[in-house]
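J.: How does the following fold in three dimensions:
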Amino acid sequence: MRVDLIIQPHLPAEEFAALGALAESYGISGVWVSNHLDGRDPFVNFVPLAQRTQRLHMGPTALSPYEEHPMQMAKLLMTLNEQAGGRAQVAVGGGGGTIDSMGIKAVRMVRAVRECLEILHLAASRDRVFYEGELFQMRGLNTGWAKAPKPAIFAAANGEQMLRMSARYADGIMTSDFTPERLRWAREHMDPVLEETGRDKKAFPLINFWACHIKKTHEEAMAEARLYLMARGTIWDPYILDVVSAAEAAEIAKHYPAFVQAYRKTDDIQGPPRDLVNKIVERGVTACAASEIDGQIERFQQMRAAGATGIALCLYNDPADAIRVIGEHVVPALKE
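T.: Numbering: from 1, shown residues only. Okay, the predicted model is just below:
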């Protein structure tokens, strides 16, 4: 099972490169960066990491064609790919907080992501290409200067239609916050399309974005997880029903503003019962002391059994120690 990391996008390039080099030294397959509104540029910040490593794959998740025209996205991706010697990767999604801040409303989201994927694939062909889509056009882009092997073009997909489309047009799929039960549900929508198109179900990448808080103590890990809980799909419908009852989900819904207000400011979320918040954390993310990592490895193995070919563990504050724990324990266990 492939093990990737997702590192926060606000870090300076040199610190980011050092963390990536540490990850590579432990056999971690790739590093992604979340495409946040308040982060550094998700392509430029990778360049020192590309120059410092030899095997590590790298790229942003999830980029939206509403915030970056697919033709420009293609040029950025192909440039990073040259710097990385063919190790670039990207996950394309419909968009979130960034397009909200731009005042852009996503229209025909599945179609937009499909056209973006098609344009990125055409750009990677290194021919002079033209594309006339229903939403996007590209006339005369020529990436003949690109000599590195083709980058990996993923789709960020959580919904039924996006999963089916992505199984047809992407090189792989990244889901987000999926429990083993929901991963099995995803395979039910993906696999018939993979079979129809003659693609190998076992080889097609399905990587699950999973929040990961590994600290010295269990209490520290739980506190950090609560701090970032608003940004996880786990507290929102329908994903919350994977980890709590319908009645508990309704109780959490009453307090959504409290989660937003607490985000990255305090782990003391005012309103919902602390026991219920902790239940969501324990079932919907990884939050553990380093000494408790074996229990999380069992969870990741359950994800593999449910159809995930990889996990992308999203790290937050002070990630170096977590990288060492993941490298020393998770990577070898999941390669068995």
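J.: how much space is there between Lys216 and Arg187?
T.: Separation of Lys216 from Arg187 (C-beta to C-beta, to the nearest Å): 36 Å. Using the backbone N, CA and C atoms, a C-beta is placed for each residue, glycine as well.
J.: Of the two, which one has the most company?
T.: More crowded of Lys216 and Arg187, by other C-beta atoms under 10 Å: Arg187, with 18 against 11.
J.: these two touch, right, the more buried one and Lys202?
T.: No - applying C-beta atoms under 8 Å, one finds Arg187 not in contact with Lys202, separated by 11.2 Å.
J.: all strands for the chain, in order.
T.: Counting by DSSP state E, the chain has strands at residues 2-7, 30-34, 57-63, 89-92, 128-132, 137-142, 152-156, 172-176, 206-215, 286-289, 310-314.
J.: Let me see the contact set for Tyr316.
T.: Residues near Tyr316 by C-beta atoms under 8 Å, 6 or more residues apart in numbering: Gln8, Ala211, His213, Glu224, Leu227, Tyr228.
J.: between those residues, which is closest to Ala322?
T.: Taking C-beta to C-beta as the measure, Ala322 lies nearest His213 of the contacts of Tyr316, at 7.8 Å.
J.: The closest one against Ala289, yeah?
T.: No - assessed by C-beta under 8 Å, His213 is found out of contact with Ala289, at 10.1 Å.
J.: Now do the shared contacts for those two.
T.: Common neighbours of His213 and Ala289 (C-beta under 8 Å, 6+ apart) are Ala221.
J.: Show the contacting residues for the closest residue in space to Met102 that isn't next to it in sequence.
T.: Excluding its sequence neighbours, the residue lying closest to Met102 (C-beta to C-beta, 6 or more residues apart in numbering) is Glu67, at 6.4 Å. Counting by C-beta under 8 Å, 6+ apart, Glu67 touches Gly95, Thr98, Ile99, Met102, Ile104.
J.: Number of residues surrounding the third one?
T.: Other residues near Ile99 number 17, with proximity taken as other C-beta under 10 Å.
J.: so what's it closest to, chain neighbours aside?
T.: Tyr66 (4.7 Å).
J.: go on, the last one?
T.: With C-beta to C-beta, 6+ apart as the measure, Tyr66 is the residue that lies nearest to Ile104, at 5.0 Å, once sequence neighbours are left out.
J.: and that neighbour, how far is that from Val33?
T.: Where Val33 is concerned, Tyr66 sits at a distance of 19 Å (C-beta to C-beta).
J.: Have a look at these two and say which one is more surrounded.
T.: The residue with more neighbours, out of Tyr66 and Val33, is Val33; 26 against 21, by other C-beta under 10 Å.
J.: Quick check: that one touching Thr61?
T.: Yes - Val33 lies in contact with Thr61 (C-beta under 8 Å); the separation is 7.4 Å.
J.: Mutual contacts of these two, please.
T.: Ile6.
J.: Name the nearest residue to the residue positioned nearest the centre of the chain, ignoring sequence neighbours.
T.: With distances taken as C-alpha atoms, centre = their mean, Phe209 lies nearest the centre of the chain, 4.5 Å away. Distances taken as C-beta to C-beta, 6+ apart place Ser176 nearest to Phe209, at 4.2 Å, with adjacent residues excluded.
J.: contacting residues for that neighbour?
T.: Contacts of Ser176 were listed using C-beta under 8 Å, 6+ apart, and they are Ala156, Asn158, Asn208, Phe209, Gly233.
J.: Give the full set of residues in contact with the third one.
T.: Each residue near Asn208 by C-beta under 8 Å, 6+ apart is listed here: Met174, Thr175, Ser176, Phe178, Leu183, Met303, Ala308, Gly310, Ile311, Ala312.
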